[in-house]
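Engineer: please find the sequence and the predicted model below.
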Amino acid sequence: MTERVEAAGTRTSRTQGLRGLIGIAAIMGMIGGCATGRVSNIEAYDEIAMNKVVPYPDRADLRKRAYELIVVDRPAVGIDASTLVKPRAQVRGALLRVAAEAGAAVIDQSLSPLGELRTEGVLVELEGRETEDVTGADFALATRFSKYQYSAEWKKPFKLLWQSEADVAGKPGICIHRAEVEVDIQLSEVGSDGKITKTYALEHSAEQGNKDLDPACTIAPVTLGVLFEKALDEALSCLNIPLGSKLLPRGHLTGHRKAPGAERHIYRISLGSAQGIRPGNDIEVRREQRSMSPSGEEIREERVIAKGVVTDHVRAQQSWVALDPTKATGALLEGDVVRPFLSDGLLASLSGPDCDSILAER
């Protein structure tokens with residue numbers, strides 16, 4: 001049996017991380033006048049029978065709420081592996097934090113020997129691992145560095161019009177030290193013939209200017225290490241929303257109630273405090289669509305049909321969501337998929353790096 005390692009040490013820390021990530025949306029919603037959905041007496045609400053989605057989720061799908069993933073380090077062509085020991089650890093640490101904040105878990109994260117076997121392609125099968133070691137995972141995150149490069153440029157001291165070359169010869173110039181990093185993170189579905197769901201390409205650099213008489217522009221190893229760490233840390237911060245959204249818990253609609261004598265509707269979902277849900281969180285209702293490719297592969301896609309707000313009725317494995325069915329783009333059915341919703345716009349106003357120029361998704 002695979003030893004399971006929680007992304008942040010404990011399931012509690014994962015839950016707290018999710019609360020912190022989606023709590024911003026709840027706070028902003030209350031500031032904007034959107035109530036958290038207080039329901040004074042839920043037992044007084046009338047139960048409304050619901051039609052069911054077809055095919056209806058099986059028991060395993062209904063019980064599966066949080067995602068589990070593995071992390072794989074792939075070799076970096078043309079880069080000395082010894083120089084990537086700390087950067088790879090930094091990337092893994094960032095991925096663990098994103099997973100923890102999204103409520104996901106990382107299992108068997110020590111897969112570097114596996115990564116060394118692969119240079120190209122997708123994760124079709126995890127060679128060198130027993131099948132039962134990885135069947136519990138839903139996704140694999142494969143990381144690969146394509147650039148880890150330092151450069152320096154010396155700029156001569158500024159010479160005023162009335163100064164001679166001799167006047168500025170003894171003055172220090174400016175050394176611009178630059179640390180550049182490029183790393184790809186591929187998200188693949190385990191057990192789906194290694195199909196790559198998404199690739200996150202990060203490209204960023206950090207600079208530091210120092211006065212220096214020597215055009216050689218020497219820099220202390222410790223200072224250079226800090227510069228690389230800064231560049232990588234800023235780049236990895238751009239994964240919080242796009243990757244975190246992929247790893248958020250996934251539940252289903254399981255019930256519908258309506259206030260007597262009023263057009264107020266609430267819906268029960270199979271996500272609760274154990275998955276980091278709390279009053280005021282935004283929830284999306286998604287309709288799953290299944291199709292078949294010409295090669296016979298089943299394709300599952302989801303589209304958002306409604307959005308709601310979690311009420312003050314939250315239990316460990318379920319909660320009630322206030323939602324207006326008249327604003328939905330389709331009939332709400334028992335078994336529809338529900339997920340927390342993270343808005344890019346809410347965090348875009350916060351200080352941070354320019355992720356539009358750092359991150360490319362494909």
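Structural biologist: Nice, thanks for sending it over. Numbers count the residues shown, from 1 in each chain.
Engineer: contact partners for the residue lying closest to Thr254 once chain neighbours are set aside?
Structural biologist: Residue nearest to Thr254 in three dimensions, not counting chain neighbours: Arg268, with 4.9 Å by CB to CB, 6 or more residues apart in numbering. C-betas here are computed from N, CA, C, even on glycine. Counting by CB atoms under 8 Å, 6 or more residues apart in numbering, Arg268 makes contact with Leu253, Thr254, Gly255, His256, Arg257, Gln318, Ser319, Trp320, Val321.
Engineer: helix, strand or coil for the fourth one?
Structural biologist: Using DSSP: H, G, I helix; E, B strand; the rest coil, the secondary structure recorded for His256 is strand.
Engineer: from Val310, how far off is it?
Structural biologist: Going from His256 to Val310 by CB to CB, to the nearest Å gives 15 Å.
Engineer: so for these two, which sits in the more crowded spot?
Structural biologist: Higher neighbour count among His256 and Val310: Val310, with 25 against 20, using other CB atoms under 10 Å.
Engineer: next SSE after the strand or helix carrying the more buried one?
Structural biologist: Using DSSP states H and E, Val310 sits within strand 298-314. Once strand 298-314 ends, the next helix or strand along the chain (criterion: DSSP H and E) is strand 319-322.
Engineer: and that next one, which strands flank it?
Structural biologist: strand 265-269 (antiparallel), strand 298-314 (antiparallel) (DSSP bridges).
Engineer: how about these, which one is nearest Pro242?
Structural biologist: Evaluated over the strands paired with strand 319-322, closeness to Pro242 peaks at strand 298-314, with 16.3 Å, by CB to CB.
Engineer: mind saving the C-alpha coords of that closest one as CSV?
Structural biologist: Taking Å, rounded to 0.1, in the frame of the first residue of the first chain, the C-alpha atoms of strand 298-314 are listed here in CSV:
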residue,chain,number,x,y,z
GLU,A,298,-14.9,8.6,-23.9
ILE,A,299,-14.7,12.4,-23.6
ARG,A,300,-16.1,14.2,-20.6
GLU,A,301,-16.6,18.0,-20.6
GLU,A,302,-18.3,20.3,-18.2
ARG,A,303,-20.0,23.7,-18.7
VAL,A,304,-21.2,26.0,-16.0
ILE,A,305,-25.0,26.4,-15.9
ALA,A,306,-25.5,28.2,-12.6
LYS,A,307,-23.8,29.9,-9.7
GLY,A,308,-24.8,30.2,-6.0
VAL,A,309,-23.6,31.1,-2.5
VAL,A,310,-23.2,28.7,0.4
THR,A,311,-25.7,29.4,3.2
ASP,A,312,-25.0,29.2,6.9
HIS,A,313,-26.0,25.5,6.9
VAL,A,314,-22.7,23.7,6.5
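Engineer: quick one: it to chain centroid distance?
Structural biologist: Mean-position distance between strand 298-314 and its chain equals 18 Å (CA atoms, centre = their mean, to the nearest Å).
Engineer: could you list the buried residues of it?
Structural biologist: Of the residues in strand 298-314, those with enough neighbours to count as buried (16 or more other CB atoms under 10 Å) are Ile305, Ala306, Gly308, Val309, Val310, Thr311, Asp312, His313, Val314.
Engineer: same question, stretch 280-298
Structural biologist: For stretch 280-298, the neighbour count (16+ other CB under 10 Å) marks Gly280, Asn281, Asp282, Ile283, Glu284, Val285, Arg286, Arg287, Glu288 as buried.
Engineer: may I ask which two of those are separated the most?
Structural biologist: Gly280 and Glu288 (26.2 Å).
Engineer: do a quick rundown of the helices in the chain.
Structural biologist: 11-31, 59-63, 85-101, 112-116, 131-134, 165-169, 221-236, 240-247, 344-348, 355-358 (DSSP state H).
Engineer: low-confidence stretches in this structure?
Structural biologist: Along the chain, segments meeting pLDDT under 70 span 1-36, 108-136, 191-194, 343-351.
Engineer: alright, that wraps it up for me.
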